[in-house]
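Engineer: Sequence first, predicted model second:
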Amino acid sequence: MPDTHECLMTTCTAQISKHLAFCPAHWRLVPRDLQTEIYETHRLNDRQSWYNAIARARTIIAEQERNSPQAAATVLITGDTYPVKDQLKALGGVWSPAEKGWRVPKAQELAAKVLVGNADNPGALQLPFDDEYAPAYDETAETIGDRRRIGR
């Protein structure tokens with residue numbers, strides 16, 4: 001039997017001791033009386049009560065993570081972030097295991113999105129453009145030199 005398992009918070013992949021229910025970050029969010037109930041029901045081998053207590057703890061943790069001040073002042077960046085994790089840290093980003101993404105300050109949102117958008121090709125710069133402002137060209141011109149910009 002393995003000595004570790006994943007945190008019981010369904011969105012967390014942290015490996016913890018088999019004797020614990022949640023990773024330390026999530027356990028801190030569980031109220032003390034509910035922590036005691038989880039301990040006691042486990043000690044008494046009362047499986048149904050233990051499952052109910054774990055379900056209540058998950059609900060409380062999820063609600064606290066959604067309503068945290070950090071979540072309000074930051075934006076969630078997801079996608080293929082691993083290749084640019086050091087740059088996201090430099091922008092002030094913090095990995096959120098529960099959301100499987102990076103929380104970056106709102107002021108750094110565009111920079112973080114550009115980094116993640118270019119994770120496959122870091123040398124290329126792709127800025128997000130709205131089609132309304134994208135340049136339009138007369139595609140009827142036969143050579144590149146004859147292309148001219150058309151207003152919309």
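Structural biologist: Structure's in. What do you need?

Engineer: remind me which residues of the chain are low pLDDT?
Structural biologist: Segments of the chain classed as low confidence (criterion: pLDDT under 70) are 1, 69-72, 118-152.

Engineer: Domain-wise, how is it divided?
Structural biologist: The chain is divided into the following domains under automatic domain parsing: 4-66, 70-125.

Engineer: can you redo these as a markdown table with mean neighbour count?
Structural biologist: C-beta here means a position set from N, CA and C on the backbone, and glycine is covered the same way. Converted to a markdown table, these look like this (neighbours: other Cβ atoms under 10 Å):
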| stretch | mean neighbour count |
| --- | --- |
| domain 4-66 | 15 |
| domain 70-125 | 15 |
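
Engineer: Does Glu109 touch Ala73 like I think?
Structural biologist: No: the criterion here is Cβ atoms under 8 Å, and Glu109 misses it with Ala73 at 11.4 Å.

Engineer: how about the strands in this protein?
Structural biologist: 4-6, 15-17, 74-77, 94-96, 101-105 (DSSP state E).
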